[in-house]
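Trainee: Fold the following, please.
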Amino acid sequence: MAADVKPVPVSGAVTGSVAPPAGLPKPGLTPDPPIPPPSRMLLSILIPVYNERTVAERSLHVVLNAPLPENMDRELIIVDDRSTDGTWDILQRLASEHPSIRLYRHEKNQGKGAAVRTAIQKATGDFCLVQDADLEYDANEYPRLMRPLLDGRADAVFGSRYMAGDQTRILPFWHSMINKYLTLISNMFCNLKLTDMETCYKVFRTDLLKSIPVRSDRFGFEPEIVMKCAKRKLRIYEVPISYHGRTYEEGKKIGWKDGVKALGVILYFWLIDDLYAEPYGRAFLNNLTGTPAYLSWITGLVRPYLGDTVIEVGAGIGNLSARLMGKKLRYVAGEKDPLYLHSLNNRFLRTPNVEVEKIDPGKAEDLAPFAGQLQTALCINVLEYAENPAQVLTALRSTVARGGNIVVLAPQGKGLFGKVDETLGHKQRFSEAELRGMLENAGFTVERTHQLNKISKPAWWLSSRVFGSRRINKLTLKIFDKTVWLWRRIDSILPWKGLSLVLVARAKD
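Mentor: Numbers count the residues shown, from 1 in each chain. A predicted model of the protein is given here:
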């Protein structure tokens, strides 16, 4: 946490970029317009340190002098996790000598994961690379690790010690086997095919890494970040790396107890969806709608009303889009949030009938290119975030062709608005009469309504209005999702209104 981190005044600033000299025009020819110099990128190297006085200086000099891809600078974000062996003095001296080092210290020892979490918060580069302060990994392989990211193919790159690297030190059998078994179990739960989940070398686009909450304080960082990358559907590449592992006599710190804890971390983050850091309030809603059984309930309701061409605004990370786009001639998935937009692009990269577009549903100009082109506009859990919901519906009306329709899902019950809504970023909840009025004024005629999720209404009221809870309990969501098969069957016989309301409206001529 910020209160536990001590910034060091001697830390230097990041070196600035230098533009190359402009070329000279050829004699007798009209000079071309000057070519702008390629923008320089910055790599943030995140280095957690704890009691490494025998190797810290040497390893950091290797990192400072390691080759980087063209047009790339580096900053070293070093977080000392309250070393007690003199490492701190060495780090302070190095930070005073090298302006590219930014040095921080925890007030108490917390673990590698906590140190990495602090380093992520302080990083300012385009990419982040996790580097231990020992000599087990070869910093000269940075260009190899960066290549898939620079080519635009990857969001994250992991260096694998078990692929064919240049050099690998042979270590005790059981240590290697434990690593491989942990990787196997992680792959089973997150549905990836990694060869080295526990590798230190993990490189990310910084914007994506900063958006992932890191909860593990110790070595659980590795399985946690892998599980969350898998659930976020990031494009992950592995590249072979060299490995010069240490023995415990030489200073290795991870032990068999950390292996047992890693199993618990894998299971926990398989069960719990904790994928987005603040301020992404809509992430909690994505946890809710991302539960597969509940999502099937929603798609089963709205699918019969969709035409062959659809525009969905507020598409999020594509949970709904992926289930509805099948067999559609054209499916436009619109999103304004840059992280969600990136997820959509990754998810539908090779889906020819899906178009991912940056669309703010509150801006008519973002929807103008689709005027009159789509048979159905889909507005699921969007209006509650809008400053002007009526304006959103009016803008969507312009996209609907003659005879087309709109499907709206919104939270119902003004009296239910409470702390959970505030945490989610909701501006309001709606009554049926209010939604009908807005749709009529926007140029639609409401033809069907559906009450949705009546069973959750009492629990929402108790949690948000009576107990003042601000969060949706993630374990409760999992249990709810496992029992949706029952709730959807009794929903129609419950005598009160649903937590949400679905309206289907036809565009007026």
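Trainee: If I look at Leu424, what pLDDT would I see?
Mentor: You'll see Leu424 listed with a pLDDT of 81.
Trainee: correction: Val504
Mentor: pLDDT, Val504: 98.
Trainee: Now stretch 53-60 - C-alpha only, PDB.
Mentor: Written as PDB, here are the backbone C-alpha positions of stretch 53-60 (Å, rounded to 0.1, in the frame of the first residue of the first chain):
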ATOM      1  CA  ARG A  53      23.800  -7.800  -1.100                       C
ATOM      2  CA  THR A  54      26.100 -10.300  -2.700                       C
ATOM      3  CA  VAL A  55      24.600 -10.100  -6.200                       C
ATOM      4  CA  ALA A  56      22.500  -6.900  -6.300                       C
ATOM      5  CA  GLU A  57      25.200  -4.500  -7.600                       C
ATOM      6  CA  ARG A  58      26.400  -6.900 -10.300                       C
ATOM      7  CA  SER A  59      22.900  -7.900 -11.400                       C
ATOM      8  CA  LEU A  60      21.700  -4.300 -11.600                       C
END
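Trainee: so how far is that stretch off the chain centroid?
Mentor: In this view, stretch 53-60 has its centroid 33 Å away from the chain centroid, taken as Cα atoms, centre = their mean, to the nearest Å.
Trainee: Buried residues, the lengthiest strand in the chain. List them.
Mentor: Determined from DSSP state E, the single longest strand within the chain is strand 400-411. In terms of neighbour count (16 or more other Cβ atoms under 10 Å), strand 400-411 has its buried residues at 400, 404-411. C-betas here are computed from N, CA, C, even on glycine.
Trainee: cool, stretch 376-390 as well?
Mentor: Of all the residues in stretch 376-390, those buried under the rule 16+ other Cβ under 10 Å are 376-386, 389.
Trainee: sorry, back to before: pull the CA atoms of the longest strand of the chain into CSV?
Mentor: Only the C-alpha atoms of strand 400-411 are listed here, as CSV (Å, rounded to 0.1, in the frame of the first residue of the first chain):
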residue,chain,number,x,y,z
VAL,A,400,-31.9,1.3,-36.7
ALA,A,401,-33.2,0.7,-40.2
ARG,A,402,-36.9,0.9,-41.1
GLY,A,403,-38.8,-1.8,-39.3
GLY,A,404,-35.9,-2.5,-37.0
ASN,A,405,-36.0,-2.7,-33.2
ILE,A,406,-34.1,-2.1,-30.0
VAL,A,407,-33.5,-4.3,-27.0
VAL,A,408,-32.9,-2.6,-23.7
LEU,A,409,-31.8,-4.2,-20.4
ALA,A,410,-31.6,-1.8,-17.4
PRO,A,411,-31.7,-2.1,-13.6
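Trainee: now for the helix or strand following that strand, which elements pack on it?
Mentor: Tracing the chain past strand 400-411, the next element assigned as helix or strand by DSSP states H and E is helix 419-424. In this structure, helix 419-424 packs against helix 282-289, with contacts taken as 3 or more Cβ pairs under 8 Å, 6 or more residues apart in numbering; DSSP states H and E.
Trainee: where does Ile45 land in three-state SS?
Mentor: Using DSSP: H, G, I helix; E, B strand; the rest coil, the secondary structure recorded for Ile45 is strand.
Trainee: on that earlier part again, would JSON lines of the buried residues of stretch 376-390 with pLDDT be doable?
Mentor: Formatted as JSON lines, the buried residues of stretch 376-390 follow (pLDDT from 0 to 100):
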{"residue": "Thr376", "pLDDT": "97"}
{"residue": "Ala377", "pLDDT": "97"}
{"residue": "Leu378", "pLDDT": "97"}
{"residue": "Cys379", "pLDDT": "97"}
{"residue": "Ile380", "pLDDT": "95"}
{"residue": "Asn381", "pLDDT": "92"}
{"residue": "Val382", "pLDDT": "94"}
{"residue": "Leu383", "pLDDT": "96"}
{"residue": "Glu384", "pLDDT": "94"}
{"residue": "Tyr385", "pLDDT": "92"}
{"residue": "Ala386", "pLDDT": "93"}
{"residue": "Pro389", "pLDDT": "96"}
